[in-house]
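Chemist: Give me a model of this one.
(one chain, ligands or ions: 1)
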Amino acid sequence: MTSRRSSLDASAAHAGGFFLDDTPTEEVDRREAVLESLAGTVRDLVDAAIRTTVEDEEVLRVRDDLAALVARLRASQLPGPAGVRFNADRRSWNWGNAVVGAANGIAPPLRVVHGPDGCHADVRLGAAYEGPPGLVHGGVSAMLLDHIMGETASGRRRTAFTGTLTMRYRRGTPLGPLRLEARVVREEGRKIFVDGSISDAGGVTVEAEGIFIQPAGTPEFPRT
Ligand SMILES: CCCCCCCC(=O)SCCNC(=O)CCNC(=O)[C@H](O)C(C)(C)COP(=O)(O)OP(=O)(O)OC[C@H]1O[C@@H](n2cnc3c(N)ncnc32)[C@H](O)[C@@H]1OP(=O)(O)O
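Modeler: The predicted structure is shown next:
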């Protein structure tokens, strides 16, 4: 069994909530791809577990097989959550993040695209995100908007925490392909006002307004 502590345990410096890590970008990219492939299978597992109709005995056998696989991954673990890290190239990674974490099988995951006028992301939500029958859970919609709006406020250069997030659910958001959009409306000192929305093929289903705050004393910190 190989153990992989390396520099992922290092936290020699700290900038705007990000921890400096001396892992080279090439190794970060390689490891991220490996964890991402595992998370994809975990996501598939969650969907399969929700929708399975196999007999009880088979469900229990699969449970036991999975417990053995969990024990293999537990053979070497970080002491706590994955956190947010960056290296000397300013490559940042947050593999456990609830919305975009590459290693997080319960993250959709959202792939946020930064553009000149804000951010957008295309995502397909399946059975694991259901609230009302066939529709996205309202809390999931809020979580995804919170993230993309927060990333829009941060603009990959500063830390911005959600202060207030106001949601307007205009109609049910169907499971399936969706688009999220967010843009900065205005800034007042450390306050960044952001609008966001979720749309399906028929138009906007959810609108949100948020006030994101740059915590006092956090430096600007450009990153990729
Ligand atoms: C790159 C990754 C992006 C990820 C995006 C994900 C976004 C998230 O989920 S963040 C997690 C959820 N949010 C949190 O946990 C935040 C918890 N709250 C806090 O940390 C603090 O209350 C924080 C940072 C919001 C404000 O703290 P602080 O910097 O001390 O604020 P403070 O100095 O009192 O106020 C500064 C200004 O903001 C305003 N303000 C403070 N809190 C709020 C609030 N909750 N809502 C609206 N405005 C607020 C104040 O009125 C003040 O305005 P003005 O300058 O006009 O008087």
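
Chemist: Let me see the domain layout of the chain.
Modeler: Domain assignment for the chain by automatic domain parsing gives 6-73, 109-213.

Chemist: anything in the longest one near the ligand?
Modeler: To tie it back to what came earlier, the one meant is domain 109-213. Yes: using Cβ under 6 Å from any ligand atom, domain 109-213 reaches the ligand at 146-147, 150-151, 154, 161-164, 189-191, 211, 213. From N, CA and C alone the C-beta is placed, and that goes for glycine too.

Chemist: could you pull out the strands for the chain?
Modeler: Here the chain has its strands, by DSSP state E, at 14-15, 18-20, 85-86, 92-93, 113-115, 118-125, 161-169, 176-188, 191-200, 203-213.

Chemist: Give the rounded mean pLDDT of the longest helix along the chain.
Modeler: As assigned by DSSP state H, the longest helix anywhere in the chain is helix 25-51. Helix 25-51 shows a mean pLDDT of 98.

Chemist: Give me the buried positions along it.
Modeler: By neighbour count, with 16 or more other Cβ atoms under 10 Å as the criterion, the buried positions of helix 25-51 are 28, 31, 35, 39, 43.

Chemist: As a markdown table, those with distance to residue 169 would be great.
Modeler: Shown next, in a markdown table, are the buried residues of helix 25-51 (distance: Cβ to Cβ, whole Å):
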| residue | distance to residue 169 |
| --- | --- |
| 28 | 38 |
| 31 | 38 |
| 35 | 34 |
| 39 | 29 |
| 43 | 25 |
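
Chemist: hang on, isn't residue 157 packed against residue 224?
Modeler: No: checked against Cβ atoms under 8 Å, the pair residue 157 and residue 224 is beyond contact range at 10.6 Å.

Chemist: picking up where we left off before, which among the buried residues of helix 25-51 gets closest to the ligand?
Modeler: residue 28 (16.4 Å; Cβ to the nearest ligand atom).

Chemist: Would you confirm that that closest one contacts residue 87?
Modeler: Yes: counting by Cβ under 8 Å, residue 28 does reach residue 87; the two are 6.6 Å apart.

Chemist: Give the intersection of the neighbour lists for the two.
Modeler: Common neighbours of residue 28 and residue 87 are not found (criterion: Cβ atoms under 8 Å, 6 or more residues apart in numbering).

Chemist: which ones are touching the residue in the chain that the ligand sits nearest to?
Modeler: Among the residues of the chain, residue 150 lies closest to the ligand, at 2.4 Å counting by Cβ to the nearest ligand atom. Taking Cβ under 8 Å, 6+ apart, we find residue 150 in contact with 160-162, 194, 210, 212.

Chemist: Nearest residue to residue 35 in space, ignoring adjacent ones along the chain?
Modeler: Among residues not flanking residue 35 along the chain, residue 103 sits closest, at 3.8 Å (Cβ to Cβ, 6 or more residues apart in numbering).
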